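K.L.:
Here is a sequence together with a model predicted from it:
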Amino acid sequence: MSFDNIRRIASRDYDLWAQLGRGRAVLDTPEKLDQYLYSYGPMTKAQWRTLLSELSLIPEPIEIIDYGCGQGLATALLFDHFGDDFIKSVQKVVLIEPSEVALRRAGAIISCYSADQFQVETINKTMDAIDAEDLLGKTGILTNHIFSNVLDIDGYDHFKLLEKIFQRKGRHCILAVSHDRSFEGGSSRFKDLETAVCDPQYSEWFTVQQTQIWQFECGNGKPAIAWVLEIEVIDGSF
Ligand SMILES: C[S@@+](CC[C@H](N)C(=O)[O-])C[C@H]1O[C@@H](n2cnc3c(N)ncnc32)[C@H](O)[C@@H]1O
């Protein structure tokens, strides 16, 4: 299993680009998923390749939560980049997505990577419908939160979502990447969240260990924005 194989098998131009809502629509047929892979697969790969080349993840027990995961491309790219030792350190992947057909495909793809080594959980919800309980897992292990071309979408309350994420005590790493744009949400949502988490009023709730926003041009010449945030939640009862 690899991103390139997924694209070789399923990427197809059905002339449905106009129905993808600039890539942000909740897709309802396998053909639209194939079209998404064809139209937006190269951009997704180029964005993550740039972001992941800046990071080193030491294999340690982790859980991954992929928000608005679509067909699971970002988690697949993460696995391809960091390889088998990293995959072996994963205990659980939670896939969250409002499109049933996309979520089913994401579950199947990520289960292939798992080969029964880690648990794959699928949650068919929008961001606003997520409960803090959906995000609770084992304490004491690192949780990687993946936002691939979804943090910029203005259809949900991103502050409330972060509040729910930070109900879980322990170490968290947010990895987010999107097309860099300034309309209908866009990159300001990244910057607003970073400003909020750095507000000293939250210092009894969590400690910010690292935060960085990059704006860059990825391999396909398109502008992108990425945010890496590492925090430790001290008291998850806020
Ligand atoms: C641009 S696609 C990105 C998909 C996937 N993360 C990737 O990078 O391949 C945006 C995704 O966000 C999902 N989405 C749209 N609105 C959403 C919402 N309010 N809550 C959760 N997901 C949403 C869509 O169904 C779609 O899968």
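P.N.:
Arrived safely, thanks for sending. Numbering: from 1, shown residues only.

K.L.:
what does the chain have sitting close to the ligand?
P.N.:
Listed as neighbours of the ligand in the chain under the rule C-beta under 6 Å from any ligand atom: 23-24, 26, 44, 68-70, 73-74, 97-99, 102, 126-127, 148-150, 153, 155-156. In short, each C-beta sits where N, CA and C put it, glycine included.

K.L.:
Next step: those restricted to strands.
P.N.:
Among these, DSSP state E puts S148 in strands.

K.L.:
From the residues of the chain next to the ligand, keep the buried residues only.
P.N.:
Buried members of the residues of the chain next to the ligand, counted by 16 or more other C-beta atoms under 10 Å: 23-24, 26, 44, 68-70, 73-74, 97-99, 102, 127, 148-150, 153, 156.

K.L.:
Just the strands from the chain, written as ranges.
P.N.:
Using DSSP E, the strands of the chain run over 62-67, 90-96, 119-123, 142-148, 170-179, 206-217, 223-233.

K.L.:
Going by residue numbers, what spans are helices in this structure?
P.N.:
3-10, 30-53, 73-89, 100-114, 158-165, 188-197 (DSSP state H).

K.L.:
Save those helices as CSV, and put in mean pLDDT and distance to P61 too.
P.N.:
Formatted as CSV, those follow (pLDDT from 0 to 100; distance: least, C-beta to C-beta, whole Å):
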stretch, mean pLDDT, distance to P61
helix 3-10, 97, 24
helix 30-53, 96, 20
helix 73-89, 96, 6
helix 100-114, 97, 15
helix 158-165, 96, 19
helix 188-197, 97, 24
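
K.L.:
May I see the strands of the chain organised as CSV, with distance to D192 and mean pLDDT added?
P.N.:
Output for the strands of the chain, formatted as CSV (distance: least, C-beta to C-beta, whole Å; pLDDT from 0 to 100):
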stretch, distance to D192, mean pLDDT
strand 62-67, 17, 97
strand 90-96, 21, 97
strand 119-123, 25, 97
strand 142-148, 14, 97
strand 170-179, 13, 96
strand 206-217, 11, 96
strand 223-233, 11, 97
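
K.L.:
Find the one among the ones you listed with the highest mean neighbour count.
P.N.:
Greatest average neighbour count among the strands of the chain goes to strand 62-67 (a mean of 24), per mean count of other C-beta atoms under 10 Å.

K.L.:
Could you check how far it is from the centre of its chain?
P.N.:
Offset of strand 62-67 from its chain centre (C-alpha atoms, centre = their mean, to the nearest Å): 8 Å.
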